[in-house]
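**Q** show me the folded form of this:
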Amino acid sequence: MTTPDAAPFARSLPVAPGLPLVGSVGPMMRDPVRFLVDTHQALGPVFRLRVLNRRFVVMAGVEANQFVTRNERSYLASGPVFGGFGRELGGELFLASADGATHKRLRRIQTGSYAPAHVEGRCAEVVHTLRRRLGGLQPGQRLDVQRLFQLVLAEQVGLLLHNDDGLAHILDDLIRVFRTALNVKVIRQWPALALEWPAYRRSKRRILDHAAAVAAAHRDHPSAERQDLVDDILAAVERGDTIQEENVRLLTLGPLFGGIDTASNTAAFALHAILSKPAVRARVMAEIDAVFADGDAPAWDAFNAMPALRGVMMETLRMYPVAYLASRAVIADFEFAGHPIAAGEHLFVATAVPHFLPELFPDPYTFDIDRYGPERREHTTRGAFAPFGTGVHACLGARFAQSQIMITLATLLRVLDLELDPPGYTLRTRSNPVTMPVGLSVRVLGVRDDAQKVGAPWPAFSVNARRGLLSR
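**A** Numbering: from 1, shown residues only. Reported below is the predicted structural model:
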């Protein structure tokens with residue numbers, strides 16, 4: 001099989017608009033989802049795309065998502081696209097790069113750890129820990145929203161999946177390594193020289209050392225009651241099931257990478273939607289006040305029965321999906337929408353395009369939390385709603401992350417009285433490569449007294465550092 005970049009293009013495919021030499025790099029950097037939606041509506045469900053010197057075939061629309069769900073294992077592979085990321089971090093085997101039977105076994109090993117019950121069963125502990133952290137903040141402080149959720153969600157993932165709550169000291173290292181390795185090895189828009197930068201190499205060493213220390217602590221102190229992700233990984237190594245020792249560190253780091261630029265961005269966009277839309281905020285706050293009326297740490301069932309907050313989360317995932325496209329190598333010839341797609345092509349499946357088709361979601365660029373109620377259920381058409389990707393490589397932690405975000409948003413808004421700062425802030429985004437907010441900050445107007453009594457803020461370096469929580 002030829003590499004994706006060297007594959008011949010199917011000449012019958014329509015071509016996405018672009019400029020000589022650079023192709024469609026401009027719109028793909030400014031607003032890739034809108035560009036892919038507009039191109040799909042103009043050219044149909046399959047088209048060519050050129051970005052600088054790289055060429056892709058794009059499949060988009062409900063039928064494309066349905067095709068991948070049915071046929072991914074037969075025609076598409078993830079390893080040629082993501083394998084380099086794993087090798088850079090010392091272990092090629094991880095969910096994004098595994099294919100076929102190996103991917104199936106690896107997913108089975110980790111499914112229990114990523115189940116939503118893992119966070120829902122420890123809901124009171126998550127709420128209590130977050131209330132302690134938030135109670136250490138002060139009225140008048142201006143917070144960087146993306147950084148806030150990076151701290152919160154990374155700490156929660158460490159607690160729930162690693163039995164370790166000391167992640168603040170490597171948060172910047174995780175961000176630097178994830179974005180650098182992804183941009184060099186997967187997206188290939190940064191030069192390989194970036195992997196030799198001293199700051200990157202130091203960060204890489206620190207996160208790998210941290211993962212090794214977490215694994216060693218689990219080996220030294222086994223616990224049948226704990227049974228977290230690291231326990232499941234080490235148990236698979238012990239019984240010779242798919243995972244080798246050299247893969248332990250990368251698999252341990254996997255959920256931390258996921259929480260940096262996926263769940264944290266989703267939570268940030270959701271908070272902006274609540275604070276910027278008075279009617280939505282009123283409905284969400286009424287639910288939150290009711291849930292917390294009987295105590296400081298409600299059970300999961302109470303959070304799960306919040307239709308307005310769930311609508312906010314679902315609509316945020318529709319408009320700002322975690323994964324707006326899936327990158328795959330074509331491993332066998334197939335036909336889609338009357339066009340032949342040859343083995344060796346590099347394929348983009350634009351999974352989020354259906355989110356903005358008016359025949360599925362009327363007035364698709366309007367934030368509407370009632371789309372998902374029993375009267376409308378706009379998301380239920382098969383292939384219409386795919387914020388975490390689709391097919392066999394759809395995000396294993398999707399439901400875990402949704403439960404985590406709902407608990408976090410409700411607790412945050414219960415403890416802190418917040419406003420956007422500046423109040424008239426207009427949401428701006430960028431892709432690096434996932435979509436994230438730019439310049440989104442909030443001002444703390446008040447902290448509930450009961451939270452302040454047990455306040456235990458994050459370490460000072462994670463709050464006041466150059467890229468810390470407090471913004472100017």
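**Q** any idea how far Pro321 is from Leu13?
**A** 25 Å (CB to CB, to the nearest Å). Heads up, the C-betas are built off the backbone N, CA and C, glycines and all.
**Q** er, Gly446 actually
**A** 57 Å.
**Q** again, but for Asn183
**A** 27 Å.
**Q** list the contacts for the closest residue to Arg176 other than its chain neighbours?
**A** Of all residues not flanking Arg176 in the chain, Ser203 sits nearest, at 4.5 Å (CB to CB, 6 or more residues apart in numbering). Neighbouring residues of Ser203 by CB atoms under 8 Å, 6 or more residues apart in numbering: Asp172, Asp173, Leu174, Arg176, Val177.
**Q** thinking again about what came up before, who has more neighbours, Asn183 and Leu13?
**A** Leu13 (20 against 16; other CB atoms under 10 Å).
**Q** tell me, how many neighbours does the residue lying closest to that one once chain neighbours are set aside end up with?
**A** Nearest non-adjacent residue to Leu13, counting by CB to CB, 6+ apart: Arg48, 4.7 Å away. When neighbours are counted by other CB under 10 Å, Arg48 registers 21.
**Q** tell me which residues are up against the strand or helix carrying Phe67.
**A** For Phe67, the host element (DSSP states H and E) is helix 62-75. With CB under 8 Å, 6+ apart as the test, helix 62-75 has contacts from 45-46, 59, 76, 99-100, 326, 328, 330-332, 334, 336-337, 341, 349-351, 353-354, 357, 360, 381-384, 386, 390-393.
**Q** do stretch 438-448 as well
**A** Residues contacting stretch 438-448 (CB under 8 Å, 6+ apart): 134-135, 137-146, 148, 268, 271-272, 275, 414-421, 425, 427-430, 455, 471.
**Q** what residue ranges in the chain score low on pLDDT?
**A** For the chain, the stretches with pLDDT under 70 are 1-11, 259, 449-455, 457-468, 471-472.
**Q** is it true that Gly140 lies in a helix?
**A** No - under DSSP: H, G, I helix; E, B strand; the rest coil, Gly140 sits outside any helix and is assigned coil.
**Q** any idea how far it is from Val68?
**A** 49 Å.
**Q** who has more neighbours out of the two?
**A** Val68 (26 against 9).
**Q** hey, where'd the strands end up in the stretch 51-200 of the chain?
**A** For the stretch 51-200 of the chain, the strands defined by DSSP state E, counting those that start in this stretch cover 54-60, 76-77, 142-144.
**Q** pick the most deeply packed of those strands.
**A** Of the strands of the stretch 51-200 of the chain, the one with the most neighbours on average (mean count of other CB atoms under 10 Å) is strand 76-77, at a mean of 26.
**Q** what strands line up against that strand, and which way round?
**A** Under the criterion DSSP bridges, strand 76-77 sits next to strand 326-330 (antiparallel) in its sheet.
**Q** tell me the angle of the partner strand relative to helix 62-75?
**A** Angle, strand 326-330 to helix 62-75, by axes from the mean of the first three to the mean of the last three CA atoms, to 10 degrees: 50 degrees.
**Q** how far off centre is strand 326-330?
**A** 18 Å (CA atoms, centre = their mean, to the nearest Å).
**Q** and the contacts of that strand?
**A** So strand 326-330 is contacted by 1, 4, 7, 57, 68, 72, 75-82, 186, 341-349, 351, 389-391, 393 (CB under 8 Å, 6+ apart).
**Q** same check on stretch 413-421?
**A** With CB under 8 Å, 6+ apart, stretch 413-421 has contacts from 130-131, 134-135, 137, 142, 271-272, 274-276, 284-285, 288-289, 292, 412, 440-448, 451.
**Q** filter the residues you listed to the buried ones?
**A** 130-131, 134-135, 137, 271-272, 274-276, 284-285, 288, 292, 412, 440-444, 447-448, 451 (16 or more other CB atoms under 10 Å).
**Q** out of the residues you listed, which sit inside strands?
**A** Ser441, Val442, Arg443, Val444, Val447 (DSSP state E).
**Q** in three-state terms, label the closest residue to the second one other than its chain neighbours for me.
**A** Closest residue to Val442 apart from its sequence neighbours, by CB to CB, 6+ apart: Leu418 at 4.5 Å. Reduced to three states with three-state DSSP, the structure at Leu418 is strand.
**Q** what residues are bridge-paired with Leu418?
**A** Where Leu418 sits in a bridge, its partners, by DSSP bridges, are Val444.
**Q** any idea how many residues pack against it?
**A** By other CB under 10 Å, the burial measure for Leu418, its neighbour count, is 19.
**Q** give me the distance between it and Val444.
**A** From Leu418 to Val444 the distance is 6 Å (CB to CB).
**Q** same check on Thr316?
**A** With CB to CB as the criterion, Thr316 and Val444 are 22 Å apart.
**Q** ok, Val127 touching Pro298?
**A** Yes - counting by CB atoms under 8 Å, Val127 touches Pro298, with 7.2 Å between them.
**Q** out of these two, which sits in the more crowded spot?
**A** A direct count of neighbours by other CB under 10 Å for Val127 and Pro298 places Val127 higher, at 24 against 21.
**Q** the nearest residue to the more buried one once chain neighbours are set aside: which element?
**A** Nearest non-adjacent residue to Val127, counting by CB to CB, 6+ apart: Ala297, 4.4 Å away. Ala297 is part of no helix or strand when elements are defined by DSSP H and E.
**Q** for Ala297, give me its contacts.
**A** Cys123, Ala124, Val127, His128, Arg131.
**Q** which two among those are spaced furthest apart?
**A** By the measure CB to CB, Cys123 and Arg131 form the most distant pair in those, at 12.4 Å.
**Q** export the host helix or strand of Asp301 to PDB, keeping only CA atoms.
**A** Asp301 belongs to helix 300-304 when assigned by DSSP H and E. The C-alpha coordinates for helix 300-304 follow below in PDB (Å, rounded to 0.1, in the frame of the first residue of the first chain):
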ATOM      1  CA  TRP A 300     -25.400  11.300  40.200                       C
ATOM      2  CA  ASP A 301     -29.100  10.600  39.600                       C
ATOM      3  CA  ALA A 302     -29.800  14.200  40.600                       C
ATOM      4  CA  PHE A 303     -27.400  15.600  38.000                       C
ATOM      5  CA  ASN A 304     -28.700  13.300  35.400                       C
END
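**Q** grab the nearest non-local neighbour of the residue nearest in space to the middle of the chain.
**A** Closest to where the C-alpha atoms of the chain average out (CA atoms, centre = their mean) is Thr262, at 2.1 Å. In this structure, Thr262 finds its nearest non-sequential neighbour in Val322, 4.6 Å apart by CB to CB, 6+ apart.
**Q** that's a strand at that neighbour, yeah?
**A** No - counting by three-state DSSP, Val322 falls outside a strand, being coil.
**Q** so it sits against Thr390, correct?
**A** No - counting by CB under 8 Å, Val322 stays clear of Thr390, with 11.9 Å between them.
**Q** what touches both of these two?
**A** Between them, Val322 and Thr390 share no contacting residue, judged by CB under 8 Å, 6+ apart.
**Q** mind checking the end-to-end distance for stretch 53-65?
**A** 27 Å (CA to CA, to the nearest Å).
**Q** which strands and helices lie in contact with the helix or strand Met314 falls within?
**A** Assigned by DSSP H and E, Met314 falls within helix 307-319. On a contact count with 3 or more CB pairs under 8 Å, 6 or more residues apart in numbering; DSSP states H and E, helix 307-319 meets helix 264-276, helix 278-291, helix 398-415.
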